Every structure is written in structure tokens, then in C-alpha cells.
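Give me a model of this one.
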Amino acid sequence: MDVSDNIILLMDDVTTSSNSLYACKEILMDHGAKSVEMFALGKAI
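Presented below is the predicted three-dimensional model:
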């Protein structure tokens, strides 16, 4: 899938440390995404 110049909303159901969101964001940006916004429905504590 070509993500070049796209604005992407990256969603997760529950996040603990957000490491997976940031890792996915980095990969998408490395593949040319214009921007990546991250959103999680909940946070584990």
C-alpha cells in the first residue's frame, strides 16, 4: 500500500506504553506519510 503524501489516523483500542503506536508511526513516516496522528480509546494503568 502506498502511503506517500497521506495524512493517516492510527488507532489502537488500549495502549500501555504507546511504544507500538510510535513504532508504527515511524514506519509510516519512513514510507512517505505526510503526517500520522495517533489515537487510543483507553490507557492501561
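
if I pick the closest residue to residue 41 other than its chain neighbours, what's in contact with it?
Closest residue to residue 41 apart from its sequence neighbours, by C-beta to C-beta, 6 or more residues apart in numbering: residue 13 at 5.3 Å. In short, each C-beta sits where N, CA and C put it, glycine included. Each residue near residue 13 by C-beta atoms under 8 Å, 6 or more residues apart in numbering is listed here: 40-42.

what lines up beside the helix or strand where residue 38 lies in the sheet?
Element membership of residue 38 [criterion: DSSP states H and E] is strand 35-43. Strand pairing for strand 35-43, using DSSP bridges, gives strand 7-15 (parallel).

ok so, going back, the strand holding residue 38: which residues count as buried?
residue 36 (16 or more other C-beta atoms under 10 Å).

Just name the closest of the contacts of residue 13 to residue 24, please.
Nearest to residue 24 among the contacts of residue 13, counting by C-beta to C-beta, is residue 40 at 11.9 Å.

Assess the claim that the closest one and residue 10 are in contact.
No: contact criterion C-beta atoms under 8 Å: residue 40 and residue 10 do not qualify, at 9.3 Å.

where do the contact lists of those two overlap?
With C-beta under 8 Å, 6+ apart as the test, residue 40 and residue 10 both reach residue 21.

dump the residue contacts of residue 36.
Contacts of residue 36 by C-beta under 8 Å, 6+ apart are 7-8, 10, 24-25, 28-29.

Weed out the non-buried ones from those residues.
Here, 16+ other C-beta under 10 Å leaves 8, 10, 25, 28 buried among those.
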